[in-house]
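[1] need a structure here:
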Amino acid sequence: TSPHPRDFTDDVVSAMAETANVMPQLHMPLQSGSSRVLRAMRRSYRRERFLAIVDGVRAAIPDAAITTDVIVGFPGETEDDFAQTLDVVRAARFAGAFTFQYSRRPGTPAADMPGQVPKEIVQERYERLVALQDDISWAENRRQVGRQVEVLVAEGEGRKDGATRRVSGRARDNRLVHFAPPTDAVVRPGDLATVEVTYAAPHHLVADGPAVAVRPTRAGDAWAAGRERPTGGTPVMLGMPGPRR
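    Sure thing, here's the model as predicted:
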């Protein structure tokens, strides 16, 4: 489940900033930037409190990547309410957002609320939100160009790795990074590679230069051992026994 904004107290944020093993990435569900809609959603926080928490995180962890959840079209949401959501998204500068269109679910309190927003309006607002967040994500990612980042190599993160001959993984702030594998070292899933970012897209970073450093890990050893382990053996039949002959 996602953490609740109220859980990001000053002592928690301070502990995150002071603990090297804690990654500088936080997921803080916004849901809506309108305090009126948040009240209708029965959320315990309001827009001012949410933005104050974001400011506290930025002050303690300047390079933190903050992601969020946003729902568009909750019953009763007006154009002004939605504009307030866009304002909060602009102010918070989220690294990324999971955006959703409200859908009526029978049996939930919201299903019987007045002011159900027409589907075409929800779709139009959703597209505006996604476009804004993509612009912000891209701008935030462009700030990473030229920086060296440590990447935890993963298997299956890059759908085009075979075609691009790149390796993929996650930076410490959970940004997706595709990078060119070094020619003088083997990089395995679970290993750590330090690379310099050369290009940014809204949802990923690219490092096309040679890796600055590669650090083998026990996780990489385990991955390699799993690859070497024989996969054969005697098959086991499951089910009811057959008749004796």
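
[2] and stretch 166-176, what's its mean pLDDT?
    Averaged across stretch 166-176, pLDDT comes to 93.

[3] And stretch 120-133, by the same measure?
    98.

[4] Only the buried residues of that stretch, if you could.
    By neighbour count on 16 or more other C-beta atoms under 10 Å, the buried set for stretch 120-133 is Val122, Arg125, Tyr126, Leu129, Leu132, Gln133. To be clear about C-beta, it is placed using only N, CA and C from the backbone, and glycine gets the same treatment.

[5] which residues are contacting that stretch?
    Stretch 120-133 has contacts (C-beta atoms under 8 Å, 6 or more residues apart in numbering) with 70, 72-73, 82, 85-86, 89-90, 94, 96-97, 99, 101-102.

[6] Mind doing that once more with 10 Å?
    Contacts to stretch 120-133, defined as C-beta atoms under 10 Å, 6 or more residues apart in numbering, come from residues 68, 70-74, 77, 79, 81-83, 85-86, 89-90, 94-103, 116-118, 202.

[7] Filter those residues down to the ones in helices?
    Glu79, Asp81, Phe82, Ala83, Thr85, Leu86, Val89, Arg90 (DSSP state H).

[8] What is the neighbour count of the second one?
    This means Asp81. For Asp81, the count of nearby residues is 20 (other C-beta atoms under 10 Å).

[9] Can you tell me the closest non-neighbouring residue to it?
    Ser34 (3.7 Å; C-beta to C-beta, 6 or more residues apart in numbering).

[10] so that neighbour makes contact with Arg46?
    Yes - counting by C-beta atoms under 10 Å, Ser34 does reach Arg46; the two are 9.2 Å apart.

[11] Where helices are concerned, which of the buried residues of stretch 120-133 count?
    Using DSSP H, the subset of the buried residues of stretch 120-133 located in helices is Val122, Arg125, Tyr126, Leu129, Leu132, Gln133.

[12] Nearest to Arg172 among the buried residues of stretch 120-133?
    For the buried residues of stretch 120-133, the minimum distance to Arg172 (C-beta to C-beta) is 21.9 Å, reached by Gln133.

[13] Helices of this structure, residue ranges please.
    For the chain, applying DSSP H gives helices covering 10-18, 35-40, 47-60, 79-92, 119-142, 161-164, 218-228.

[14] Tabulate the ones you listed in JSON lines, adding columns for distance to Val153.
    Formatted as JSON lines, these follow (distance: least, C-beta to C-beta, whole Å):
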{"stretch": "helix 10-18", "distance to Val153": "24"}
{"stretch": "helix 35-40", "distance to Val153": "40"}
{"stretch": "helix 47-60", "distance to Val153": "28"}
{"stretch": "helix 79-92", "distance to Val153": "30"}
{"stretch": "helix 119-142", "distance to Val153": "20"}
{"stretch": "helix 161-164", "distance to Val153": "11"}
{"stretch": "helix 218-228", "distance to Val153": "8"}
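
[15] are any of the contacts of stretch 120-133 buried, and which?
    So, by 16+ other C-beta under 10 Å, the buried ones in the contacts of stretch 120-133 are 68, 70-74, 77, 81-82, 85-86, 89, 94-97, 99, 102, 116-117.

[16] Same list (the ones in helices among the buried residues of stretch 120-133) but as TSV, adding distance to Ala52.
    Formatted as TSV, these follow (distance: C-beta to C-beta, whole Å):
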residue	distance to Ala52
Val122	29
Arg125	26
Tyr126	27
Leu129	22
Leu132	22
Gln133	21
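
[17] With respect to Val54, which of the ones in helices among the contacts of stretch 120-133 is nearest?
    For these, the nearest to Val54 is Val89 (11.0 Å; C-beta to C-beta).

[18] From Val57, how far off is the closest one?
    16 Å (C-beta to C-beta, to the nearest Å).
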